[in-house]
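In: Sequence plus the predicted model coming up.
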Amino acid sequence: MASRAEELTLVGLCDVEIDSKRHTCSFLTNKVGGLPDWSPVTSRRSPRCGRCGAPLAHVVQVYCPLEASRYHRNLHVFACTGAECSGRSDCWKVLRSQCLEEAAAVGRTSSRPDPAQEAPPSATDWCDTADDWGVMEEEEEEGWGGGVKKDRQVPEEAAAPETEAAGEVDVSSQLQDLRLVDSQEEEEEVPVLRAFFISVVDESDLCGEEDDEDLRHAQRLLREYERREGVAVGELEDRGGGGGGGEEEKYEKTRARHGDAVFSRFMKKISLCPQQILRYCRGGRPLFVSEPPAGVAATACGSCGGTRTFELQLMPALVSLLRRTDGGGGGEAELEFGTVLVYTCRNSCWTSGAAVEEFCSVQTDPDQQLFR
């Protein structure tokens with residue numbers, strides 16, 4: 001399995017808030033917050049913080065199948081909302097789950113018989129032509145991102161395969177909503193963050209999508225930054241290495257007054273769309289907010305021992321959206337970070353229904369006020 005050969009960067013933008021009474025979500029949905037939507041054959045998991053042991057909140061769900069693959073594929077990002085755990089990589093977890101297209105079709109047919117529901121799209125379609133990470137179950141409404149979303153209509157499969165494996169999938173899907181919890185989980189309620197759909201656009205199309213107000217806002221941010229730091233961001237050139245994955249990057253030697261040319265490059269790159277909450281470019285080059293530690297992507301896959309590659313990162317604009325549904329924390333954002341970089345198994349290994357833990361690295365934001 002492999003991703004697209006060319007380096008295509010997709011940008012995620014916050015869309016309408018999810019209303020459980022009006023909207024239906026599944027593992028095909030891309031969203032912020034809420035509870036994770038697992039595929040019909042994936043065992044549910046409730047990860048805990050590596051530092052304090054508290055249940056982690058679900059931060060982002062991304063549907064991201066690979067080109068020429070028979071698998072549906074998801075990434076779920078979780079984080080600890082504890083004040084002492086903010087900004088620590090060991091307080092975040094990333095779980096990857098996969099599901100064969102055939103198994104997903106059987107599971108959805110048996111557990112969700114509503115004829116109005118759409119069948120899962122082919123995992124190969126997303127890589128070739130689509131610019132969206134999910135299928136909307138509702139008709140497009142005003143304020144849903146305009147022309148960004150493009151729904152895909154795929155015919156429902158006629159019948160489920162009559163095999164022993166299909167029978168097993170049928171049982172697992174029917175039991176999907178059943179969950180055994182221990183006494184500790186009952187005492188410690190899992191924090192749930194407000195849920196939003198994610199709209200997706202190709203970064204190369206941002207100039208066409210950006211309206212005048214957003215562009216003026218980006219220009220004001222850049223002018224403020226240049227005045228404070230005594231540097232013209234437009235004069236800083238990106239001389240980073242062209243390789244992806246774990247290759248070390250060479251950055252521009254020109255230093256801003258605060259000595260952080262890496263952050264200057266970060267600001268320049270996102271200036272066209274400072275409201276982006278997520279960047280996706282599997283096999284591409286991450287956008288660091290500060291100098292990365294040596295060997296940040298050198299960790300081996302915990303499942304197959306193979307190498308990992310960069311896949312996506314969470315952006316500072318996401319921070320303001322991460323608030324509890326129950327009003328806990330006084331309405332303040334639950335998490336603080338500059339960027340969260342996610343690295344996944346290059347081979348996307350998969351052997352069972354248990355989600356595979358991947359690697360993430362958290363960088364704190366040196367200038368959080370720029371994004372508020």
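Out: Thanks, I have it.

In: and residue 289, how many neighbours does it have?
Out: Using other C-beta atoms under 10 Å, residue 289 has 25 other residues around it. (Each C-beta comes from the backbone N, C-alpha and C, glycine too.)

In: Which pLDDT value goes with it?
Out: pLDDT recorded at residue 289 is 92.

In: Residue 263 now?
Out: So residue 263 comes in at 88 (pLDDT).

In: What ranges does this protein have for its helices?
Out: 101-111, 123-128, 164-174, 183-187, 206-209, 212-229, 261-270 (DSSP state H).

In: Least reliable of the ones you listed by average pLDDT, please.
Out: Least confidently modelled of the helices of the chain is helix 123-128, at a mean of 39 by mean pLDDT.

In: Can you pull the poorly scored residue ranges out of the stretch 201-350 of the chain?
Out: Applying pLDDT under 70 to the stretch 201-350 of the chain flags the ranges 207-216, 218, 229-259, 297, 328-331.

In: show me the contacts for residue 13.
Out: 145, 148, 198, 199, 200, 201, 273, 275, 276, 277 (C-beta atoms under 8 Å, 6 or more residues apart in numbering).

In: Sorry, wrong one. I was asking about residue 270.
Out: Here residue 270 is in contact with 276, 287, 315 (C-beta under 8 Å, 6+ apart).

In: Backbone dihedrals for the second one, both of them.
Out: When read as degrees, to the nearest 10, the backbone of residue 287 gives phi -110, psi 100.

In: burial count for it?
Out: When neighbours are counted by other C-beta under 10 Å, residue 287 comes out with 19.

In: With the first one instead?
Out: Burial of residue 276 is recorded as 19 neighbouring residues (other C-beta under 10 Å).

In: in the sheet, who's paired with the closest residue to it other than its chain neighbours?
Out: What sits nearest to residue 276 in space, not counting adjacent residues and going by C-beta to C-beta, 6 or more residues apart in numbering, is residue 11, at 4.7 Å. Following DSSP bridges, residue 11 is listed with bridge partners residue 201, residue 279.

In: Would you mind measuring from residue 11 to residue 284?
Out: The spacing between residue 11 and residue 284, counted by C-beta to C-beta, to the nearest Å, is 13 Å.

In: Looking only at neighbour counts, state which of those two leads.
Out: residue 11 (26 against 21).

In: wait, isn't the more buried one in contact with residue 203?
Out: Yes - at 5.1 Å, residue 11 counts as touching residue 203 under the criterion of C-beta atoms under 8 Å.

In: what sits in contact with each of these two?
Out: Joint contacts of residue 11 and residue 203 (C-beta under 8 Å, 6+ apart) are 273, 279.

In: out of the contacts of residue 13, who's nearest residue 220?
Out: residue 275 (13.3 Å; C-beta to C-beta).
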